[in-house]
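Asker: okay, sequence plus prediction incoming.
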Amino acid sequence: MCRIATDHRVRGLVWGRLGPKVVVRVGNKSIRCEGCLARPEVRIAIPGRRTTAFLMLGMILGAAAAANKAKFVELPFDQIIGAVSRGEVDAGLVIHEGQLTFGDAGLRLVIDVGEWWKEKTGLKLPLGINAVRRDLDARHGEGTLAKVGGCCGSQSPTRWSVGMIRRIHAPLRPGKRSPRRGQPPTMERLDRYCRMYVSEETRDMGDAGREAILRILSEGAAAGLCRLSRHLMSSKRFLTERM
């Protein structure tokens, strides 16, 4: 994200209204808190080290624990719940629909990362952004940046699709069970999942989104978990420029 701040124009933001969650098996009585997770022998499945979810987990557990490569097992996000339920790892950092379905696999919550961040900062958790490279005209011809950047504009497919998603909860139909992801989604879960990630900030992050991104990167850098681009702090182009 630090590089995005200097090489890209950004607009839409994906908020975490709930947030990634750290889960363990219901029968696991030895892991009940942040301190338990930080113990060196506790192995945690994660969806990748270069994710907002892992950055947040690193802040919670501390830089020393986050630097212990043997402690973390990187897996595709939809395989984490299964790995925890089978006892292949002690805990799992779940994202996407796993935040709603982990209980179906006999798992329980230890930490809600989004709630932790909200209590710490008073801000919602920024999980992702829509970004467009600044040098598209130089690479592909004049007008390319405006055309691609228009995908985040007021009449863009992005805005249209976000608006549609927010209006079509009723016609949605639950799907089939997935062996990796647990029970098939119910209407309530489909609706809840859409509301978790689709909002007005998905169209335009606004000042609150820029503040949240700067805060999470600053906190992560202060904890020694990521590098903070000097361009982000000095030019502030990332925080103020709109497409």
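Answerer: Cool, got the structure.

Asker: going forward, measure contacts between C-alpha atoms and count neighbours the same way
Answerer: Will do.

Asker: and this structure, what are its domains?
Answerer: 2-15+124-240, 19-105 (automatic domain parsing).

Asker: mean pLDDT for the ones you listed: which is lowest?
Answerer: Among the domains of the chain, domain 2-15+124-240 carries the lowest mean pLDDT, a mean of 65.

Asker: Val42 and Gly92 touch, don't they?
Answerer: No - using CA atoms under 8 Å, Val42 is not in contact with Gly92; the gap is 10.5 Å.

Asker: neighbour-wise, which of the two wins?
Answerer: More neighbours surround Gly92 than the other of Val42 and Gly92, with 32 against 16 (other CA atoms under 10 Å).

Asker: ok, now which ones touch the nearest residue to that one once chain neighbours are set aside?
Answerer: Of all residues not flanking Gly92 in the chain, Ala45 sits nearest, at 4.5 Å (CA to CA, 6 or more residues apart in numbering). By CA atoms under 8 Å, 6 or more residues apart in numbering, the contact list for Ala45 reads 72-75, 80, 83-84, 89-93.

Asker: 6 Å - rerun?
Answerer: By CA atoms under 6 Å, 6 or more residues apart in numbering, the contact set of Ala45 is 72-74, 92.

Asker: would you verify that it is located in a helix?
Answerer: No - Ala45 is assigned strand when assessed by DSSP: H, G, I helix; E, B strand; the rest coil, not a helix.

Asker: any idea what it is bridged to?
Answerer: According to DSSP bridges, the partner residues bridging Ala45 are Val73, Gly92.

Asker: tell me the SS of Val132?
Answerer: strand.

Asker: how far away is it from Ala146?
Answerer: Going from Val132 to Ala146 by CA to CA, to the nearest Å gives 10 Å.

Asker: these two: which is more packed in?
Answerer: Neighbours per residue (other CA under 10 Å) separate Val132 from Ala146, with Val132 holding more: 21 against 15.

Asker: the more buried one and Gly206, how far apart?
Answerer: In terms of CA to CA, Val132 sits 17 Å off from Gly206.
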